[in-house]
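Participant: Below is the structure, and that's it, no one-letter string:
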Ligand SMILES: Nc1ncnc2c1ncn2[C@@H]1O[C@H](COP(=O)(O)OP(=O)(O)OP(=O)(O)O)[C@@H](O)[C@H]1O
């Protein structure tokens with residue numbers, strides 16, 4: 001059974017059918033790409049998958065559970081985490097605290113425990129620090145854990161965003177244009193990071209991307225979207241040769 005099975009997902013804004021009968025099936029551990037021209041509906045699909053928008057129609061089965069229309073926080077708890085087109089870190093917080101924020105759900109203590117510094121507070125803080133540092137180490141960010149997130153170079157901010165998303169212990173990771181604004185070296189490093197995340201965490205990853213080098217380099221399966229509808233779907237190397245895809249998106 002697929003980890004994510006989406007059927008007939010649809011949403012309209014006024015008269016605009018931004019996503020129209022969208023289907024996708026993603027197996028556990030797959031690295032899957034979603035591409036298409038500007039305004040095709042890619043980010044809207046991420047917003048539907050994460051509960052930012054409620055669909056007008058359709059089913060979103062995650063690991064057998066229909067999460068369509070659920071609240072963002074509940075969808076995150078069910079196992080979907082994401083990063084954004086424009087990096088959304090807490091820039092005035094340290095690298096470590098950015099990851100710790102995402103661990104709050106897992107390591108809970110009451111306000112009273114926190115204010116009165118009861119023993120449980122210290123125990124939970126210790127556990128959270130250990131877990132956050134472990135994750136930072138995986139991304140080679142542990143040496144910069146005490147600096148402000150805004151002081152990290154761009155490529156490392158992206159890594160931190162991915163580390164923070166992973167801190168919520170997701171079943172699936174959605175990356176919205178992770179290579180946006182990166183130079184070729186940073187993009188190459190990002191490709192290695194994404195592959196590494198998939199292999200290390202056995203993670204299922206769906207990513208939106210315009211950088212075709214990244215898409216053809218790491219995505220095994222691909223869906224091309226055009227005007228809210230699926231134009232082509234399947235193995236990346238096959239889809240990229242599809243004449244309709246070349247006409248609508250890739251150009252020649
Ligand atoms: N909240 C909204 N209200 C009205 N229209 C919206 C809303 N969100 C998205 N749209 C419209 O839906 C369409 C799809 O937008 P979307 O951002 O999903 O495209 P995209 O494929 O992610 O584009 P890009 O590659 O430029 O990021 C666009 O025409 C957009 O203007």
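Facilitator: Sure thing, it's come through. Treat the numbers as computed from the prediction; the structure is a model and nothing was measured.
Participant: Would you mind confirming that residue 55 makes contact with residue 6?
Facilitator: No - Residue 55 lies out of contact with residue 6 (CB atoms under 8 Å); the separation is 9.6 Å. The way it works is simple: take the backbone N, C-alpha and C, and place the C-beta from them, glycine included.
Participant: could you pull out the helices for the protein?
Facilitator: Along the chain, the stretches classed as helices by DSSP state H are 42-49, 72-78, 95-103, 111-115, 119-138, 154-167, 184-201, 212-218, 236-239, 243-245.
Participant: which residues sit in contact with the residue nearest to residue 88 when sequence neighbours are not counted?
Facilitator: Residue nearest to residue 88 in three dimensions, not counting chain neighbours: residue 161, with 7.2 Å by CB to CB, 6 or more residues apart in numbering. Applying CB atoms under 8 Å, 6 or more residues apart in numbering, we find residue 161 in contact with 83-84, 87-89.
Participant: Those residues in strands, which ones?
Facilitator: Under the assignment DSSP state E, the contacts of residue 161 contribute residue 83 to strands.
Participant: Which residues are in contact with residue 198?
Facilitator: Contact analysis of residue 198 by CB under 8 Å, 6+ apart lists 29, 31, 204-205.
Participant: so where's the stretch 1-150 of the chain shaky on pLDDT?
Facilitator: 105-122 (pLDDT under 70).
Participant: Around the ligand, which positions in it sit nearby?
Facilitator: Residues of the stretch 1-150 of the chain lying close to the ligand by CB under 6 Å from any ligand atom are 13, 16, 18, 36, 38-44.
Participant: Just want to check the distance between the spatially closest residue to residue 47 that is not a sequence neighbour and residue 98.
Facilitator: Spatial nearest neighbour of residue 47, excluding adjacent residues (CB to CB, 6+ apart): residue 53 at 4.6 Å. In this view, residue 53 and residue 98 are 26 Å apart by CB to CB, to the nearest Å.
Participant: Residue 225 bridge partners, please.
Facilitator: Under DSSP bridges, the beta-bridge partners of residue 225 are residue 230.
Participant: wait, isn't it in contact with residue 44?
Facilitator: No - contact between residue 225 and residue 44 fails when scored by CB under 8 Å: they sit 9.6 Å apart.
Participant: More neighbours: those two, which one.
Facilitator: More neighbours surround residue 225 than the other of residue 225 and residue 44, with 26 against 22 (other CB atoms under 10 Å).
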